[in-house]
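A.B. asks: Provide a 3D model corresponding to the input given below.
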Amino acid sequence: MPELPEVETTRRGVEPHVKGKKIREVIVRHRGLRLPVSETLDEIAGDKITGVRRRSKYLVFDLKTKGSLLVHLGMSGSLRLRPPDEDFKKHDHIALTLDSGKQLRFHDPRRFGIFLHLPEGDPLEHPLLKDLGPEPLEEEFTAETLATAFAKKSIAVKVALMDAKTVVGVGNIYASEALFRAGILPATAAKKVAKPRLKKLVEAVRAVLTESIEQGGTTLRDFLNSDGEPGYFAQRLFVYDRKGEPCRVCGTLIKHAVMGQRSTYWCPKCQK
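C.D. replies: Next up is the predicted model:
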């Protein structure tokens, strides 16, 4: 699944090509996504895109007069800029033809994505967004907010860290990598992680996400950025998907277990 860095990479790749552009035509080829494509989507033709924001793993396309678009890439979705006369691929479900002569296409083989038109109101107050936790790269994400969120949680710290009500966008890969950098065993009960270690964890989360965004997102099989090229952060992973391989820091073999139904990796020497 595209995680926060992949979504932010998509936002940065797409926004310069769509901001300030008028939508000349809306093409809906398949409405059967995770949530049905809005019946009002056709109504945005003629409107202008004023900007693209990200909240967690969602993209918000702000429109000048007709509300906003709420987009989620699902398990395998992507947004790609293509010439309008290029043949559609099998899983190109939605296209917005812009007055720039480019077409923004939503491609989603598994159809777990979301493409909604919100005609009015603050999109951040939509039920999908309003109860989300703080953004990990913003000042509101601190050791104090983590301590409060973890105070009564006996579950593994890795599972707690991936809870979107605790902090958004820290998916499976980045949780494993951040815990390695902070030197914390992923199975540790969240409520038992001391404040100084939470501070290291906050710093590690920010560092691993920032580096991944700079590298263009993690290389996942189904993710392609707006130019159709994969990201490259996977080349720098320390523990994720490295079961039985030597730790890049100490040489100890990387361990693996399933926590919260997700594969988890750690170094038994570097993490305590």
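A.B. asks: does residue 23 really touch residue 43, like I thought?
C.D. replies: No. Counting by CB atoms under 8 Å, residue 23 stays clear of residue 43, with 10.3 Å between them. C-beta coordinates here come from the backbone N, C-alpha and C atoms, glycine included.
A.B. asks: Look at these two and report which has more neighbours.
C.D. replies: Taking other CB atoms under 10 Å, residue 23 and residue 43 do not tie; residue 23 has more neighbours (21 against 14).
A.B. asks: In three-state terms, label the more buried one for me.
C.D. replies: Assigned with DSSP: H, G, I helix; E, B strand; the rest coil, residue 23 falls in the strand class.
A.B. asks: tell me the contacts of residue 28?
C.D. replies: Listed by CB atoms under 8 Å, 6 or more residues apart in numbering, the contact partners of residue 28 are 37, 41, 42, 93, 94.
A.B. asks: Just the buried subset of the residues you listed, written out for ChimeraX, thanks.
C.D. replies: Entered in ChimeraX, the line below selects the buried ones among those, by 16 or more other CB atoms under 10 Å:
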select :37,41,93,94
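A.B. asks: And the furthest pair within the contacts of residue 28?
C.D. replies: Spatially, the most separated pair among the contacts of residue 28 is 42 and 93, at 14.4 Å (CB to CB).
A.B. asks: any idea where the strands of the protein begin and end?
C.D. replies: 23-28, 49-55, 58-63, 68-72, 78-82, 92-98, 103-107, 114-118, 255-259, 262-266 (DSSP state E).
A.B. asks: Please convert these to CSV, extending it with distance to residue 5 and mean pLDDT.
C.D. replies: As requested, the strands of the chain are arranged in CSV below (distance: least, CB to CB, whole Å; pLDDT from 0 to 100):
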stretch, distance to residue 5, mean pLDDT
strand 23-28, 28, 98
strand 49-55, 10, 98
strand 58-63, 13, 98
strand 68-72, 15, 98
strand 78-82, 14, 91
strand 92-98, 24, 98
strand 103-107, 19, 96
strand 114-118, 19, 98
strand 255-259, 22, 97
strand 262-266, 18, 97
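A.B. asks: so can I have a markdown table of the ones you listed showing distance to residue 212?
C.D. replies: What follows is the strands of the chain, written out as a markdown table (distance: least, CB to CB, whole Å):
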| stretch | distance to residue 212 |
| --- | --- |
| strand 23-28 | 31 |
| strand 49-55 | 14 |
| strand 58-63 | 17 |
| strand 68-72 | 19 |
| strand 78-82 | 17 |
| strand 92-98 | 27 |
| strand 103-107 | 22 |
| strand 114-118 | 23 |
| strand 255-259 | 21 |
| strand 262-266 | 16 |
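A.B. asks: of all the ones you listed, which lies closest to residue 1?
C.D. replies: strand 68-72 (10.0 Å).
A.B. asks: gap between the closest one and the chain center?
C.D. replies: 14 Å (CA atoms, centre = their mean, to the nearest Å).
A.B. asks: Name every strand pairing with it and say which way it goes.
C.D. replies: Take DSSP bridges as the rule and strand 68-72 pairs in its sheet with strand 58-63 (antiparallel), strand 114-118 (antiparallel).
A.B. asks: Looking at those strands, spot the one closest to residue 190.
C.D. replies: strand 58-63 (25.3 Å).
A.B. asks: Can you tell me what sits against that closest one?
C.D. replies: Taking CB under 8 Å, 6+ apart as the rule, strand 58-63 contacts 7, 10-11, 18, 44, 47-54, 68-73, 79, 114, 123-124, 128-129.
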